[in-house]
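Visitor: after the sequence you'll find the predicted model.
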Amino acid sequence: MTTYTRPDARAGAPAAVAPAPPRLTGTRLTLRYGDRTVTRDLDVAIPDGKVTAIVGPNACGKSTLLRALSRVLAPTSGVVRLDGTPLGDLGTKEVARRIALLPQGAEAPEGITVADLVGRGRFPHQTFFRPWSDADAAAVRRALDAAGVADLADRQLDELSGGQRQRVWIATVLAQDTPILLLDEPTTFLDIGHQFEVLELCRELNEDHGVTVVAVLHDLQQAARYADHLVVMHDGAVVAEGGPSEVLDAALVERVFGLPCRVVPDPVAGTPMVVALGRRTR
């Protein structure tokens, strides 16, 4: 029997170590709300230590996929795995210690202060025998600092601007102290300045703190500039996946969004920028 030897193999050299599989994956996911099927046989793998943006037209299944990845929505078929274990086999607090989710339209009790709201992010780490501790207080301080809202700790959430509130909500999920952060349309309803503020924060969390970030975004320019990895969805399916420069081109944008366009380099970041073609420029 002939044995194949790699051309680069050297006597005594250690064998190459295969890369570890991604911590968060979905395999053959069929997701439904009642009788309505949103996705069927969908596969996705979230790159570790990266910022991933899930993009696509309205009602294509982006938020539904995020809900399944966080165990808010149980798949009709298929499985979501976290560190190799089916998500459904893990306890609620165990999942919340590893994955934090910021849903759309998060609501807080009236009159709550910033510090109190962020403190609620420590719930997964507390038990009947282990109530609030110095470790919880330290985690809240770190979250407030990382989100840039430490100076707002004593303010009521109702008093803050939209951008400040969104940073506070991000601080709340940061206080969970998880390695994976899922954000469902974190820039919706914010003005453009606050949108970039939130996206800059996402990059800082990834680069400075090693958090794996997954965000559902609508703006393709913002997704291409701030994400390392794009998951492009259409009609409940993943139609493209990879780095922004690898997957984002005019043909894909027109197929997925129905938008004739040109894709050119962003003059500041060099990332793909979508320029729509109006009727007078086609």
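Guide: Structure received. Remember, it's a predicted structure, so these values are computed and weren't measured experimentally. Numbers count the residues shown, from 1 in each chain.
Visitor: so what's the gap between stretch 136-149 and the chain middle?
Guide: The chain centroid and the centroid of stretch 136-149 are separated by 20 Å under Cα atoms, centre = their mean, to the nearest Å.
Visitor: contacts for it?
Guide: Residues outside stretch 136-149 that contact it (Cβ atoms under 8 Å, 6 or more residues apart in numbering): 114-115, 118-119, 121-122, 125-126, 150, 152-153, 164, 167-168, 170-172, 174-175, 177, 201, 204-205, 208-209. Where you see a C-beta, it was placed from the backbone N, CA and C, and this is true even at glycine.
Visitor: looking at those residues, which are in strands?
Guide: Secondary structure assignment by DSSP state E places none of the contacts of stretch 136-149 in strands.
Visitor: next up, the contacts around the residue nearest to L24 when sequence neighbours are not counted.
Guide: Leaving out its chain neighbours, the residue that sits closest to L24 by Cβ to Cβ, 6 or more residues apart in numbering is I46, at 4.3 Å. Neighbour list for I46: 22-25, 52, 69, 180, 212, 214 [criterion: Cβ under 8 Å, 6+ apart].
Visitor: which residues in the stretch 51-200 of the chain form helices?
Guide: For the stretch 51-200 of the chain, helices defined by DSSP state H, counting those that start in this stretch occupy the ranges 62-69, 92-96, 114-119, 134-146, 162-174, 192-209.
Visitor: what's the closest of those to Q222?
Guide: helix 192-209 (5.9 Å; Cβ to Cβ).
Visitor: now that closest one: mean pLDDT?
Guide: Here helix 192-209 scores 92 as its mean pLDDT.
Visitor: likewise stretch 33-44?
Guide: Throughout stretch 33-44, pLDDT has a mean value of 95.
Visitor: any chance you could read off phi and psi for D41?
Guide: Main-chain dihedrals, D41, degrees, to the nearest 10: phi 50, psi 40.
Visitor: what residues are up against the closest residue to it other than its chain neighbours?
Guide: Excluding its sequence neighbours, the residue lying closest to D41 (Cβ to Cβ, 6+ apart) is R28, at 4.9 Å. With contacts defined as Cβ under 8 Å, 6+ apart, R28 is in contact with 41-43, 77-79.
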